[in-house]
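Peer 1: Give me a 3D structure for the following:
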Amino acid sequence: MQATLTASLDPGLPIGGQLLALLRGRVIRGDLAPGQKLSEAGLAAELGISRQPVREAFIRLAEEGLLEIWPQRGTVVPRISVKGVQDARFVREAIEADVIRLAAEGLPEAALDALDGLIAAQRKAREIDAFMMLDDQFHRALAEAVGRGFAWSVVAGLKAQLDRVRYLTIRQFPRDSIIADHARIVKALRRRDAKKADRAIRRHLNNVTTDMRAIAMAFPNHFRD
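Peer 2: Model prediction:
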């Protein structure tokens, strides 16, 4: 089935960045499902832009594993790579475990209060996109609080496949477990308990592996390898 975007771009802003973010978000959220085909010419016509930014966005997303470009056959949304998810989780855990270790050495009360504020906002969030944005903000705030904002940018650049699973998971399972994980992390940090904080972050990040088994059974056509 040929995919459409049913969206518009702001002509006053750079088109390439907008298009890239739009397509990336649609694939990650599952609005563009595995197996859907995208037409360079079709999307350019639909959005009223030239084919060049569409071509460039396709190439960037193919590099991220979010699209597959087949010469003479077209561009398609691929299935989620299980190995890609596992690799992203491995790298993310390594980075965030170090972030937590630094945080446990003495995160300022203001930073801890800010984390609690994000948890409170998550409890109130109704829309999935808002909840997921707050989830990312929680982890980014932890990294930035210990002076490791760049480390989070590395994680953010690697976790596209992981985020695809996260969106499927959030639609299938209650959000309470994610919020409870965040609360446990902050509680351990307030007590300066590095071991408990480490266990809490690793448990939190490894949940995606456990959830993925159930998600893969519910959506077998969404996964490969």
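Peer 1: Confirm that Phe86 sits in a strand.
Peer 2: To be clear, residue 86 is Gln; Phe isn't right here. No - Gln86 is assigned helix when assessed by DSSP: H, G, I helix; E, B strand; the rest coil, not a strand.
Peer 1: List the residues that contact it.
Peer 2: With contact set as C-beta atoms under 8 Å, 6 or more residues apart in numbering, Gln86 has these partners: Thr209. (Glycine included, C-beta is placed from N, CA and C.)
Peer 1: For it, give its distance to Leu9.
Peer 2: 35 Å (C-beta to C-beta, to the nearest Å).
Peer 1: Then Gln72?
Peer 2: In terms of C-beta to C-beta, Gln72 sits 29 Å off from Leu9.
Peer 1: Compare these two (neighbour count), which wins?
Peer 2: The neighbour comparison of Gln72 against Leu9 (other C-beta atoms under 10 Å) goes to Leu9, with 18 against 4.
Peer 1: Work out for me the element the closest residue to that one other than its chain neighbours sits within.
Peer 2: Spatial nearest neighbour of Leu9, excluding adjacent residues (C-beta to C-beta, 6 or more residues apart in numbering): Gln18 at 4.8 Å. Taking DSSP states H and E as the definition, one finds Gln18 inside helix 15-29.
Peer 1: What are the contacting residues of that helix?
Peer 2: 5, 7, 9-10, 31-32, 38, 47, 49, 53-54, 56-58, 60-61, 64, 66-67, 77, 128-129, 160, 163-164, 167.
Peer 1: and the very next helix or strand once past it, how far from the chain's centre?
Peer 2: Sequence-wise, the next helix or strand downstream of helix 15-29 (DSSP H and E) is strand 37-38. Distance, stretch centre to chain centre, for strand 37-38: 22 Å (C-alpha atoms, centre = their mean, to the nearest Å).
Peer 1: pLDDT on the helix or strand following strand 37-38, on average?
Peer 2: Counting by DSSP H and E, the element after strand 37-38 in chain order, helix or strand, is helix 40-47. Helix 40-47 shows a mean pLDDT of 91.
Peer 1: distance between helix 40-47 and the chain's centre?
Peer 2: Averaging C-alpha positions (C-alpha atoms, centre = their mean) puts helix 40-47 26 Å from its chain's average.
Peer 1: Determine the set of other helices and strands touching it.
Peer 2: Secondary-structure packing of helix 40-47 (3 or more C-beta pairs under 8 Å, 6 or more residues apart in numbering; DSSP states H and E): helix 51-63.
Peer 1: Show me what the helix it packs on packs onto, helices and strands only.
Peer 2: Judged by 3+ C-beta pairs under 8 Å, 6+ apart, helix 51-63 is in contact with helix 15-29, helix 40-47, strand 68-70.
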